[in-house]
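J.: Quick one, structure for this:
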Amino acid sequence: MNGYFQFEVKEDGLYLNIHPSTGDGDPLNIEDLIHMMDKKNLPSFDLVPIKRAVEANEEKSFRVANKGIFSTDEWMEIKVTSDGMMAVAVFYPGFVGGGKVDKTEIMNDLGFIKVNTGINEELIDKLLVSKEYYKKYPIATGTKVVEGKDARIEYNFEVGKKALPKVKEDGTVDFYNLDSINKVAAGDVVARIIKEVEGTPGKDVYGHEIKPRKVAKKIFKHGRDLHVSEDGLELISDTNGHVDLYGDRISVSNTYDVPADVSYSTGNIDYDGNVLVRGNVLSGFSVKATGNIEVMGIVEGAVIEAGGDIVLQRGIQGMQQAVVKAGGNLIAKFIENAKLIEVGDKLDVGAIMHSTVNCQGEILVEGRNGLIIGGTTYALRQIEAKNIGNDMGTNTIISVGAPFALKVRAEEIKKRLASMSAEKDKLSQLILLLFKKNAESGADASKLELVKKTKDSIDAISKETAELEAEAEEIKLKMAESSNAIIKVNNTIYPGTRIVIGDSEMLIKDPIKYSNFKKVGADIKRLNSL
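T.: Next comes the predicted model:
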């Protein structure tokens with residue numbers, strides 16, 4: 001039982017009775033006495049002997065005032081936690097002979113502070129019979145929200161098993177000693193959706209509803225040779241081969257092996273899977289694959305497009321005609337005179353010379369010289385090279401961060417979505433009007449045809465809206481990724497180099513060594529890398 005302080009009015013003055021705790025009760029706390037005195041406007045008195053009695057856990061009575069004081073009844077305080085989920089009552093003893101708190105008083109106090117939900121009347125009834133002073137009693141408790149669970153996809157293969165090849169010191173790429181293939185047979189379930197679980201709302205003690213967060217659903221994104229089960233929960237392979245995950249898109253494919261050059265003897269290659277070219281890719285020809293592409297020889301003025309990674313064991317001699325596009329990573333010994341290089345994630349190369357490079361991730365140039373000379377080299381997040389430009393002042397543009405065109409496109413999408421939403425509302429109202437006229441005057445062929453055309457227009461707007469919303473989300477992610485965009489120079493950046501970060505530019509006028517460049521506020525700042 002908790003100990004407590006209690007005042008008593010006698011003929012010769014006001015007394016304070018100390019009742020120590022018993023058993024497992026909380027010991028007396030002098031702060032509780034001070035709080036009682038403050039709340040009831042009692043006269044101050046010497047607390048030193050009181051503290052000694054409290055510390056000794058002694059039951060004692062002290063006369064603390066000569067003149068009589070009006071006695072007070074038992075009282076309580078109610079406080080609600082900051083999250084509104086619990087109302088806590090603390091009871092304080094009245095003077096000896098004073099009245100007790102009753103249920104009506106408790107309910108009125110709860111109503112005064114607008115607590116109306118989760119009131120524990122059973123506990124209140126017990127407290128009217130027996131209670132401990134200074135103890136916190138949860139006399140009202142809200143209902144906690146039960147959060148739902150997002151849908152998720154379970155993959156029946158090792159995600160990320162595909163290892164990223166590395167450029168060795170001699171410039172060759174080790175692509176063969178990697179256990180990078182997840183084998184799959186026709187009929188295998190390659191992925192399964194675990195459905196979402198909706199949450200349950202809660203309520204605080206004021207009766208306010210607390211809504212659970214919205215749960216996310218999942219659908220499969222996949223390529224050819226795969227189909228979804230009737231219930232939409234399983235993704236099944238239609239062919240033997242291997243399965244890979246590119247972003248959130250699942251692909252099953254085989255590998256097409258070209259034993260010699262891509263030339264007149266083979267024609268162009270367009271394959272749903274991976275492609276291995278053991279020779280060169282000659283000018284005027286193309287190699288396209290939904291998976292990875294590896295070329296053992298040189299890529300001339302050709303077109304190379306891969307949904308996944310591209311590995312060029314040697315490099316590109318592009319003659320200002322080569323176009324190379326990788327949905328994932330690109331690894332090469334060198335890139336020279338390429339018309340356009342597009343990389344979805346990371347570019348790892350020994351040198352870039354007089355080429356246009358556009359990378360949606362980061363670029364690492366770390367060959368023997370690790371140089372970028374001429375042309376325009378862009379990456380969304382980071383560019384790192386040993387040397388940029390040369391001492392002849394060759395015009396070289398190095399750019400990182402979200403381009404201004406991306407911001408413009410985001411605003412265009414926003415306006416287009418608003419316009420389509422208004423148009424859809426108008427078409428929906430037209431449908432309702434046509435149905436009403438059909439009901440009043442009977443349907444005819446012209447009205448039915450107009451209804452059909454209107455529905456088709458609504459469907460077209462809905463489809464475009466979904467596509468634009470997906471594009472807007474992708475732009476949002478890219479903008480977030482580029483917020484810390486940086487250019488790292490591990491040796492020298494030369495005059496004639498123009499640095500562009502977002503919508504800010506800096507022209508290098510003198511050689512600078514060992515520096516990083518980053519946008520700080522509206523300006524590009526040089527940061528020492530050592």
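
J.: now the residue nearest the centre of the chain: how far from I501?
T.: Residue closest to the mean C-alpha point of the chain, counted by CA atoms, centre = their mean, is L477 at 9.4 Å. Using CB to CB, to the nearest Å, we find L477 at a distance of 19 Å from I501. All C-beta atoms are positioned from the backbone trio N, CA, C, and that covers glycine.

J.: same question, I219
T.: Per CB to CB, I219 is found 37 Å from I501.

J.: Those two: which has the busier surroundings?
T.: I501 (23 against 11; other CB atoms under 10 Å).

J.: residues contacting that one?
T.: S399, V400, G401, A485, I487, F517, K518, K519, I524 (CB atoms under 8 Å, 6 or more residues apart in numbering).

J.: and D503, what pLDDT?
T.: Here, the pLDDT recorded for D503 equals 77.

J.: Tally up the residues packed near it, please.
T.: A count of neighbours around D503, defined by other CB under 10 Å, yields 12.

J.: Against D73, how distant is G98?
T.: G98 is 4 Å from D73, by CB to CB.

J.: What residues does N358 make contact with?
T.: With CB under 8 Å, 6+ apart, N358 has these contacts: L340, I341, E342, V343, Y378.

J.: Tell me which helix or strand it sits in.
T.: If you go by DSSP states H and E, N358 is part of strand 356-359.

J.: repeat for R314
T.: With DSSP H and E as criterion, R314 is part of strand 310-317.

J.: From the contact counts, what lies against the helix or strand following that strand?
T.: Later in the chain than strand 310-317, the nearest helix or strand by DSSP H and E is strand 323-326. Contact partners of strand 323-326 among helices and strands, from 3 or more CB pairs under 8 Å, 6 or more residues apart in numbering; DSSP states H and E: strand 303-306, strand 310-317, strand 340-343.

J.: Turn these into JSON lines, columns for mean neighbour count.
T.: JSON lines is the format used below for those (neighbours: other CB atoms under 10 Å):
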{"stretch": "strand 303-306", "mean neighbour count": "22"}
{"stretch": "strand 310-317", "mean neighbour count": "22"}
{"stretch": "strand 340-343", "mean neighbour count": "23"}
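
J.: Output the strand holding N358 in CSV with nothing but the alpha carbons.
T.: In CSV, the C-alpha atoms belonging to strand 356-359 read as follows (Å, rounded to 0.1, in the frame of the first residue of the first chain):
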residue,chain,number,x,y,z
THR,A,356,27.8,12.0,-75.6
VAL,A,357,27.0,10.0,-72.4
ASN,A,358,23.8,10.0,-70.5
CYS,A,359,23.7,7.9,-67.3
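
J.: Show me what it pairs with in its sheet, parallel or antiparallel.
T.: Strand pairing for strand 356-359, determined by DSSP bridges: strand 340-343 (parallel), strand 376-379 (parallel).

J.: could these go into JSON lines alongside distance to E469 and mean pLDDT?
T.: Conversion of the strands paired with strand 356-359 to JSON lines gives the following (distance: least, CB to CB, whole Å; pLDDT from 0 to 100):
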{"stretch": "strand 340-343", "distance to E469": "24", "mean pLDDT": "96"}
{"stretch": "strand 376-379", "distance to E469": "26", "mean pLDDT": "96"}
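
J.: Ok, which of those strands comes nearest D238?
T.: strand 340-343 (30.1 Å; CB to CB).

J.: G97 - nearest residue in space that isn't next to it in sequence?
T.: Among residues not flanking G97 along the chain, S71 sits closest, at 6.4 Å (CB to CB, 6 or more residues apart in numbering).
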